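K.L.:
Build the 3D model from these lines:
(one chain, ligands or ions: 1)
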Amino acid sequence: MNRNSKHIVVVGGGYVGLYTVLRLQRTLRRELREGSVRITVLTPESHMTYQPFLPEAAAGNLSPRHVVVPLRRVLPKATILNGKATKIDHAAKRVCFEPNVGAPYELDYDIVVMAAGSVSRTLPIPGLADAAIGFKTVGEAIALRNRVLGLLDRAESSGDEALRRRALTFVVVGGGFAGIEALAELEDMALDAARYYHDVRREDMRWVLVEATDRILPEVGPEMGMWTAEQLRERGIEVKMKTRLESCEGGLVTLSDGDEFESATIVWTAGVKPSPVVNAGDLPLDERGRIKTSTRLTVVGVQDAFAAGDVAGVPDMTNPGQYCAPNAQHAVRQAKVLADNITRRLRGQEMVDYRHRYVGSVAGLGLYKGVANVYGVKLRGLPAWFMHRTYHLSRVPTLNRKVRVMADWTLALFFKRETVSLGEIEAPREEFRAAATA
Ligand SMILES: Cc1cc2nc3c(=O)[nH]c(=O)nc-3n(C[C@H](O)[C@H](O)[C@H](O)COP(=O)(O)OP(=O)(O)OC[C@H]3O[C@@H](n4cnc5c(N)ncnc54)[C@H](O)[C@@H]3O)c2cc1C
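P.N.:
Numbers count the residues shown, from 1 in each chain. You can find the predicted model right below:
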């Protein structure tokens with residue numbers, strides 16, 4: 001290792017982490033080859049998760065392995081260390097790193113890139129931490145799929161009416177694209193699965209969306225949001241707007257509209273907040289707790305620190321006074337500008353501003369169903385679903401992933417999707433432990 005080399009440490013291996021390093025591998029090819037620059041990525045997982053595909057993975061349309069990108073394979077010029085950054089001491093240019101296993105240690109850097117994304121934003125609601133699950137990781141998506149299908153099995157196998165009702169009641173809190181897509185895809189899968197059961201029909205299930213404001217899917221605008229709510233209601237999904245979850249202790253759900261019922265599945269997708277790593281250290285934060293970032297994607301007031309994506313408060317140059325929303329559309333584009341600004345900084349050149357006007361969004365609502373509002377073009381149903389799939393296929397990183405995703409979808413045209421719960425993978429030692437202690 002060249003002791004005088006510039007060390008770039010990237011905190012987070014999601015959208016921003018992956019795309020920043022992909023670009024640096026190209027723009028700094030010579031420096032990386034000569035050893036005058038080295039890159040280290042700190043991230044708990046060995047993969048980047050393509051989050052817009054999580055609802056399709058939960059619904060069994062895509063294999064979980066195909067919605068993630070293996071970091072070591074696509075970032076061969078970077079060292080990937082699995083664990084979490086716990087503190088950034090930028091004055092000393094040092095990051096505290098806690099590997100997934102083993103003792104914490106410190107790493108020195110010359111340039112730091114904050115790309116740690118966000119975590120679910122929860123509220124102090126009684127029972128929430130114990131009874132609910134988020135929808136941000138591939139683990140959560142697959143656990144939910146197994147859970148929903150496992151609960152259909154449970155309902156079919158039980159004669160206890162109260163237990164059946166609890167098992168067949170599914171609640172999603174939060175009407176953004178994560179919540180709506182998760183709800184719509186899971187309900188669509190459960191409807192498909194119900195045909196294989198003798199005593200579980202769609203009418204036996206209760207699917208409830210709880211949204212605190214008076215609109216859902218703000219990403220596609222008010223008109224398409226209203227259309228989506230109507231579509232979901234036509235499918236028998238209860239869409240409760242201006243309603244809050246007040247308690248869910250032991251799975252007893254209490255809503256602000258007075259409704260009270262038991263549910264074995266409560267999914268919480270009501271917003272995100274920056275990764276907690278921003279709270280430890282000396283990087284400046286804005287009023288919403290994100291890293292205070294300039295239009296050049298540098299951290300305000302310091303040198304050699306960059307930030308982008310959900311963790312950063314980046315001023316939206318197309319919308320003065322506003323910040324860029326936390327979404328993949330900005331994260332990917334910011335990462336490219338950020339990487340180029342690092343290259344410019346290393347070469348003593350002037351950095352450039354990040355500027356992108358939000359173009360709208362697409363959302364899948366189950367097989368052959370979707371909604372889209374892109375560049376002001378509003379699409380509903382099958383055309384929107386087709387657009388959703390083609391857009392995300394074009395966006396998922398690497399040709400390898402595109403081919404795998406395409407293969408999954410093509411197979412699904414000829415064979416029905418698998419609707420079997422593999423819940424036992426969450427407790428793989430149970431069977432052996434029972435045998436060993438019998
Ligand atoms: C279900 C779902 C669907 C979505 N659909 C869309 C969509 O259709 N369109 C759209 O534009 N956006 C969508 N989004 C939002 C989009 O995925 C995010 O805005 C985007 O992932 C943000 O990128 P990021 O790099 O900032 O964070 P992430 O991609 O979340 O990456 C953050 C990374 O940092 C790691 N990390 C966290 N803390 C630490 C730490 N202390 N040390 C080291 N590493 C750390 C995390 O493990 C993760 O790997 C969706 C999100 C979800 C959850």
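
K.L.:
Residues of the stretch 301-438 of the chain that sit close to the ligand?
P.N.:
The interface of the stretch 301-438 of the chain toward the ligand, taken as CB under 6 Å from any ligand atom, is made up of 309-311, 326-329, 331, 361. (Each C-beta comes from the backbone N, C-alpha and C, glycine too.)

K.L.:
change it to 8 Å
P.N.:
308-312, 326-331, 335, 361-363, 392 (CB under 8 Å from any ligand atom).

K.L.:
how about the strands in the stretch 251-400 of the chain?
P.N.:
The residue ranges that make up the strands of the stretch 251-400 of the chain, judged by DSSP state E, counting those that start in this stretch, are 252-255, 260-262, 265-268, 272-274, 291-292, 305-307, 312-313, 360-364, 370-374, 377-380.

K.L.:
PyMOL command to pick out the buried ones of the residues of the stretch 301-438 of the chain next to the ligand?
P.N.:
Selection of the buried residues among those in PyMOL, burial being defined by 16 or more other CB atoms under 10 Å:
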select buried, resi 308+309+310+311+312+326+327+328+329+330+331+335+361+362+363+392
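
K.L.:
Show the contacting residues for the one residue in the chain that gets nearest to the ligand.
P.N.:
Taking CB to the nearest ligand atom, the ligand has its nearest neighbour within the chain at Gly14, 1.7 Å off. Neighbour list for Gly14: 43, 48-49, 115, 117, 309, 331 [criterion: CB atoms under 8 Å, 6 or more residues apart in numbering].

K.L.:
Hmm, Val41 is touching Gly17, no?
P.N.:
Yes: Val41 sits in contact with Gly17 when judged by CB atoms under 8 Å, with a separation of 5.8 Å.

K.L.:
residues shared between the contacts of those two?
P.N.:
Common neighbours of Val41 and Gly17 (criterion: CB under 8 Å, 6+ apart): Val10.

K.L.:
quick one: which of those two has more around it?
P.N.:
Each of Val41 and Gly17 has its neighbours counted (other CB atoms under 10 Å); Gly17 has more, 29 against 25.

K.L.:
Now the more buried one: which helix or strand?
P.N.:
Of the helices and strands defined by DSSP states H and E, Gly17 is found in helix 15-27.

K.L.:
Tell me the first helix or strand C-terminal of that helix.
P.N.:
Next along from helix 15-27, by DSSP H and E: helix 29-34.

K.L.:
So for Leu24, what's the nearest residue that isn't a sequence neighbour?
P.N.:
On the basis of CB to CB, 6 or more residues apart in numbering, the spatially nearest residue to Leu24 that is not a chain neighbour turns out to be Ala339, at 5.0 Å.

K.L.:
mind listing what the one you found touches?
P.N.:
19-24, 27.

K.L.:
at 10 Å instead, please
P.N.:
Listed by CB atoms under 10 Å, 6 or more residues apart in numbering, the contact partners of Ala339 are 8, 10, 16, 19-28, 113, 297, 306, 308.

K.L.:
go on, Ile180?
P.N.:
When the contact criterion is CB under 10 Å, 6+ apart, the partners of Ile180 are 55, 172, 174, 209, 211, 216-217, 219-220, 225, 228-229, 232, 237, 239, 269, 363-365, 371.

K.L.:
Next: Ile39.
P.N.:
When the contact criterion is CB under 10 Å, 6+ apart, the partners of Ile39 are 6-10, 20-21, 24-25, 28, 32, 75, 77-80, 111, 113, 342.

K.L.:
Wait, a strand at it?
P.N.:
Yes: with DSSP: H, G, I helix; E, B strand; the rest coil as the criterion, Ile39 is assigned to a strand.

K.L.:
Let me see the ranges of the helices in the stretch 151-300 of the chain.
P.N.:
Under the criterion DSSP state H, counting those that start in this stretch, helices of the stretch 151-300 of the chain are mapped to 161-167, 177-194, 221-234.

K.L.:
quick revisit: could you give the backbone dihedrals for the residue of the chain closest to the ligand?
P.N.:
phi -100, psi -140 (degrees, to the nearest 10).

K.L.:
dump the residue contacts of Val101.
P.N.:
Taking CB under 10 Å, 6+ apart as the criterion, Val101 is in contact with 82-83.

K.L.:
and the stretch 51-200 of the chain, which residues reach the ligand?
P.N.:
Taking CB under 8 Å from any ligand atom as the test, the list of the stretch 51-200 of the chain residues beside the ligand reads 51-52, 54-55, 83-86, 115-119, 135-137, 141, 177-178, 181-182.

K.L.:
Which of those are buried, as a ChimeraX select command?
P.N.:
To isolate the buried subset of those in ChimeraX, counting by 16+ other CB under 10 Å, use the following:
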select :51,52,54,55,83,84,85,115,116,117,118,119,135,136,137,141,177,178,181,182
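
K.L.:
Inside strands: which ones of the residues of the stretch 51-200 of the chain next to the ligand?
P.N.:
Members of these lying in strands (criterion: DSSP state E): 83-86, 118-119.

K.L.:
Would you mind giving these as TSV with pLDDT added?
P.N.:
Supplementary listing: these in TSV, determined by pLDDT from 0 to 100:
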residue	pLDDT
Gly83	98
Lys84	97
Ala85	98
Thr86	97
Ser118	95
Val119	93
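
K.L.:
what's the most distant pair in these?
P.N.:
Gly83 and Ser118 (18.8 Å; CB to CB).

K.L.:
about what we covered before: just the buried residues of the contacts of Ile39.
P.N.:
Buried, going by 16+ other CB under 10 Å: 6-10, 20-21, 24-25, 28, 32, 75, 77-78, 80, 111, 113, 342, out of the contacts of Ile39.

K.L.:
chain center to the strand or helix carrying Ala143: distance?
P.N.:
Under the criterion DSSP H and E, the helix or strand holding Ala143 is helix 138-157. In this view, helix 138-157 has its centroid 20 Å away from the chain centroid, taken as CA atoms, centre = their mean, to the nearest Å.

K.L.:
Give me the distance between the two termini of stretch 409-422.
P.N.:
Its start and end residues considered, stretch 409-422 measures 21 Å (CA to CA, to the nearest Å).

K.L.:
what comes up buried for that stretch?
P.N.:
When burial is assessed from 16+ other CB under 10 Å, stretch 409-422 yields the following buried residues: 412, 417, 419, 421.

K.L.:
Contact partners for the residue lying closest to Asp353 once chain neighbours are set aside?
P.N.:
The spatial neighbour of Asp353 that comes closest, neighbours along the chain excluded (CB to CB, 6+ apart), is Thr295 at 4.3 Å. Counting by CB under 10 Å, 6+ apart, Thr295 touches 314-317, 324, 337, 351-355.

K.L.:
mind redoing it with 8 Å?
P.N.:
Thr295 sits next to 314-315, 317, 353-355 when contact means CB under 8 Å, 6+ apart.

K.L.:
Mind checking which of those residues are buried?
P.N.:
Among the contacts of Thr295, those buried by neighbour count (16+ other CB under 10 Å) are 314-315, 354.
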